[in-house]
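Visitor: could you work out the structure for the sequence below:
(chains A and B)
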Amino acid sequence: MADATEGGATTKRMAQPAAATKPAVADRVHVWPYLVRNEFICTIIVGVILTVWSITIDAPLEEPANPTQTPNPSKAPWYFLGLQEMLVYFDPWFAGVVLPSLIIVGLMVIPYIDINPKGNGYYTFKERPFAISTFLFGFIFLWVSLIITGVFFRGPGWNLFWPWETWDPHMVIALTNVDLPAWGPFKWLGNPTIFGVEVIGLVLTVLYLSTAVIFYYWKRDTNETIRQLGPVRYGIVAVLFLTMMGLPLKIFLRLAFNIKYVWVTPWFNI
Amino acid sequence: MISLKALKQKVVESQLWRSMFRHDYLDTPRNRVLQIMANVWLHLHPPKIRRHAIKIRFTWCMGGVTFLMFLSTVVTGVILMFYYRPVAEYAFADMKYLKFDVPFGMIVRNMHRWAAHGMVITVWLHMFRVFMTGSYKPPREFNWVVGVVLLTITLLLSFTGYLLPWDQLSIWAVTVGTNMARATPLLGTEGPFAQVVGVTPRYDARAFLLGGTLVGPPTLLRFYVLHCIFLPILASLLMIVHFWRIRKDGGISGPM
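Guide: Okay, here's the model as predicted:
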């Protein structure tokens, strides 16, 4: 063991002179004119686009505000429609408060939980596959596609419409959603509760979260990344990741099996 | 007759000229550096930069475009403030006034709105680019955190501005957007554990935000002040930190 450590240290020391043969100062160019020129041209192009756009397309202005007349559908600004879309699948306290807060906090902690030193300052997928695919999934698949759904595919009653379909405000879609304990595979258990807390939902939620714990103890000794992360950082990664994946999971359960809540308690429902 | 060359010489060597311009324009390495260092607007830049950093395909120019969008909204926003009153009785009428009576009023309003929407998109793309190049990695961790706060402020700026036209689109979008505050755990009347704190519809997180139980005149004034004073100042301060830290963290990221 001691030999191995020593060997590793030697290799590291040996590697340094080789790296030092690279030029000490990177290949640099003068900011004036090479960067300022780019900024100038970019400013002109963007300025022209913005001006032409503003001359040709008017900002919307509807009827004066009327608190007694609620439009159907009432849509939030387009950049918040991903959040509004989540309200279909989760209760407001979770979709409207907890998840947005977790998105912001989750983004902020990225530099502290991503301890992979590779891929700093250049495009690469191979050297950081987990980080890139998780980010792309969250940004493109969840955030952007939910916004597109909210902007183009939601009509009166927050029902789904194709963009070319006429909105029928009187369309009624029968709500056949059931809570998980009333769903086929769990029906025979008869929905046991303790102090009003559904046991099936509790067990499933705990099972879902415990996958992270099981994975940790299973992989900790063999997986170098998990060992370097340590229990605290791993825990943060796992909670954020499982919370994020909870959204597509709930979307799937709702769309495929009409599940309303997975877990009902007297205080909150998930 | 005095020659043009002599005249130029006279002007350039005058005390007035020398007091404003400290160096001449000859294309020498020294002047290229002074061009940046001696200019208050350009000294944000380093005199020299790594070659890959000026490539459009590396940065997409998105941070700069975001800043440009912010500047556009500030300029057009100040102009709009001359014509707009954040009072429920006047706000909508002032929008019509801007549209039909104020010279170029509609173009100014359009530029303000489209630049604001553009800024939301470019700030997302900027974050996307920074993530893809791993530029948040040490030593730039904290600048990423500042960036996430700036992203949030951008959305809040856009959202508070959305209410100001005081038309059906704005009050209902803001109603939908702020209804969620009612469900804040502990602090919202309809949130989990609200009974523990004892909040009421008049005294909870949403009422604090709106200045009442629904989107009304107090909300308009609140959002106006947040939109025109509080959030822009906060964003400007954080932008100063954001730009300063790029320099302090070793300039724009690149392969080691």
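Visitor: got a list of what residue B:109 touches?
Guide: Applying Cβ atoms under 8 Å, 6 or more residues apart in numbering or on different chains, we find residue B:109 in contact with A:59, B:76, B:80, B:95, B:98-99. Any C-beta I mention is one placed from the backbone N, CA and C, and that applies to glycine too.
Visitor: buried subset of those as a ChimeraX selection?
Guide: In ChimeraX syntax, the buried subset of the contacts of residue B:109 is picked out as below (16 or more other Cβ atoms under 10 Å in any protein chain shown):
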select /A:59 /B:76,80,95,98
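Visitor: want to try CSV for the contacts of residue B:109, with pLDDT, secondary structure and distance to residue A:149 as columns?
Guide: Listed next are the contacts of residue B:109 as CSV, based on pLDDT from 0 to 100; DSSP: H, G, I helix; E, B strand; the rest coil; distance: Cβ to Cβ, whole Å:
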residue, pLDDT, secondary structure, distance to residue A:149
A:59, 95, coil, 24
B:76, 97, helix, 32
B:80, 97, helix, 33
B:95, 97, helix, 30
B:98, 96, helix, 33
B:99, 95, helix, 32
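Visitor: how about the residues of the stretch 151-256 of chain B near chain A?
Guide: Contact residues, the stretch 151-256 of chain B versus chain A (Cβ under 8 Å from any Cβ of the partner chain): B:151-152, B:155, B:158-159, B:162, B:165-173, B:175-177, B:179-185, B:188, B:190-193, B:214-216, B:253-256.
Visitor: hmm, which of these are the buried ones?
Guide: Among these, the ones that count as buried by 16+ other Cβ under 10 Å are B:151-152, B:155, B:158-159, B:162, B:165-173, B:175-177, B:179-185, B:188, B:190-192, B:215, B:253-254.
Visitor: so which of these belong to helices?
Guide: Taking DSSP state H, the ones among these that sit in helices are B:151-152, B:155, B:158-159, B:162, B:168-173, B:175-177, B:179.
Visitor: and the two most separated of the residues you listed?
Guide: Farthest pair in these (Cβ to Cβ) is B:151 and B:168. Separation: 28.6 Å.
Visitor: for stretch A:222-231, which positions count as buried?
Guide: Those would be A:226, A:229, for stretch A:222-231 by 16+ other Cβ under 10 Å.
Visitor: hmm, it in reach of chain B?
Guide: No - remark: stretch A:222-231 sits outside contact range of chain B, by Cβ under 8 Å from any Cβ, the gap being at least 14.3 Å.
Visitor: mean confidence (pLDDT) on that stretch, please.
Guide: In this model, stretch A:222-231 has a mean pLDDT of 91.
Visitor: next: stretch A:43-57.
Guide: 97.
Visitor: identify the residues contacting it?
Guide: Against stretch A:43-57 from outside (Cβ under 8 Å, 6+ apart): B:65, B:68-69, B:72, B:107, B:110-111, B:114-115, B:118.
Visitor: ranking the residues you listed by neighbours, who comes first?
Guide: Among the contacts of stretch A:43-57, the one with the most neighbours (other Cβ atoms under 10 Å in any protein chain shown) is residue B:111, at 26 neighbours.
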